[in-house]
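# Just to be clear, the model below is a prediction. Sequence and coordinates:
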Amino acid sequence: MDVASLCPNLTGWMEGAPANHPLRQIIGAVRASDNSQSVGFVVLTAFNDIISALEAVRPARLPTERQDFQQVRTFDDLLIVRAELVAAARLARAGVPFDFGVRGKAPQPGLVLRNSNLAIEVKAGRLDGLQDLHDELEAELDAIDADVTVHIACAERPLYIKPAERRCIIDQALGNVTGNPGGILSITLDQPWAATKRLPLVLQIFPQPPFLAGQRVFIEGGWALAGHLQDVEAEIIAVLTDEQKPSQAASMPTILLVDIARAGLSWIRPERIWAQLLAARLPDDTSFIGVAVMVSRIDNPTVDFALAMRANVPERSSADARNLARALGLA
C-alpha cells in the first residue's frame, strides 16, 4: 500500500523523524499490506486527517508542533503530543481561529484563540497503575519465555502503583515462575493518597504456556468505580496546583482541557458528567475559568468536548466561552 500518496501530510511530517519514531513500525506494516481496513491504516489516516486540518489553517508556531511530533520516542509521548493536535484540529474544523501558544520563560497556554481573550491548555497522559503492572510483568515473562499464564485480579483498579512497588510484585511473580510455578500471590497495596487506602490484589499463576505469544498476563475484575473515579478527579484537580499549568493560565482566561482516555477507567463516565463534576471542584482562586473533557481515540481524527465553567467567572470570559461552545456545537 502506498502510504505516501494516501497520507501525504503525515508523510511530510515524518520527514526527518528518526528510524525509531513510534509510527515507523505501523507505516512499515501498512506498506506491506493491501488491507485498507487494517487498524494500522486507520491509525495513519487519522493522523493524516489531523495534520491536514492544521496545515489548512496554518496557525502560528505550527512548525514547533511538527518538531515535537517528530522528536517523540515512545508511543505514550506520541499520544500526549497527539492530544493537543487533535484538539487543535477540532478548532480548525469548526472555523475557530487560533494559534499555538508562545513557549519560553513566559509561556502561554497551548492553544490561544485569536478573536477572543481566551485560551485552552491541554492536559494528557497515561495514569493506570494496573495496566503498568500488566505491561511490565508481560515484558519480563516474555524475556524469559516463561511457560505460565498469570491472572491479576482486583475489585477496584488501582490508578497508580509506585515503580518500586511494581518491581517488588514482579520480583515475587518471577520468583514463583522460576522455581515451582503455580499458586496464588496475595498483595495489599498501601495507597494513603487514594479513596481506598488499602487495596487487595491477587496474582494467580498457572503452570501452562500462553495460547498466543506475548499474552501471558490477564486482568480480571477491577470494575468497582466509586473510589477509582474519585482518585481520577483528585489527580485532575491536582493539575490546578501544578506550578507550570496555572502560570500559563495566568496570562489570560484559560480553559483546562483534560484528555481522560488513558486515565484508568475514566472513559466509562460521560464527558459532560466529568466536566460538571470537575468545574464544581475548581477553586475560586484558580487561574482556570473552566474545565473541558475529551476522550481521544487513536483511530479517530476528531474528538468531542464537554465544557463546564467555574461559578464565579467574569462575564466577559463567560461570554467568550459561550461563543466557543456554540462554534464547537456544544450549546
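Perfect, I can see it now.

# can you map out the strands along this protein?
98-100, 111-113, 119-123, 149-154, 183-190, 198-206, 217-221, 254-259, 288-294, 305-309 (DSSP state E).

# To residue 322, which of those strands lies closest?
Smallest distance to residue 322 across those (Cβ to Cβ): 8.7 Å, for strand 305-309. Yep, even glycine has a C-beta here, placed from its N, CA and C like the rest.

# And for that closest one, what's in contact with it?
Under the criterion Cβ atoms under 8 Å, 6 or more residues apart in numbering, residues 87, 90, 255, 257, 270-276, 278-280, 289-294, 318, 321, 324-325, 328, 330 lie in contact with strand 305-309.

# can you list the strands of the chain in TSV and add distance to residue 21 and mean neighbour count?
Listed next are those as TSV, based on distance: least, Cβ to Cβ, whole Å; neighbours: other Cβ atoms under 10 Å:
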stretch	distance to residue 21	mean neighbour count
strand 98-100	21	21
strand 111-113	24	23
strand 119-123	21	23
strand 149-154	31	19
strand 183-190	35	13
strand 198-206	35	17
strand 217-221	27	15
strand 254-259	21	26
strand 288-294	25	26
strand 305-309	29	21
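
# what's the closest of those to residue 139?
Minimum separation from residue 139 across those (Cβ to Cβ) falls at strand 217-221, 9.4 Å.

# Distance from the chain centre to that closest one, please.
Its chain's C-alpha centre and that of strand 217-221 lie 21 Å apart, by Cα atoms, centre = their mean, to the nearest Å.

# So which elements touch it?
helix 129-143, strand 149-154 (3 or more Cβ pairs under 8 Å, 6 or more residues apart in numbering; DSSP states H and E).

# quick one, that strand and strand 198-206 angle?
130 degrees (axes from the mean of the first three to the mean of the last three Cα atoms, to 10 degrees).

# Let me know the average pLDDT across strand 217-221.
Average pLDDT, strand 217-221: 97.

# Put the alpha carbons of it into PDB.
Extracted as PDB, the C-alpha positions of strand 217-221 are listed here (Å, rounded to 0.1, in the frame of the first residue of the first chain):
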ATOM      1  CA  VAL A 217      -0.900 -11.800  31.700                       C
ATOM      2  CA  PHE A 218      -4.600 -11.100  32.000                       C
ATOM      3  CA  ILE A 219      -6.500  -8.600  34.200                       C
ATOM      4  CA  GLU A 220      -9.700  -9.800  35.900                       C
ATOM      5  CA  GLY A 221     -12.200  -7.500  37.600                       C
END
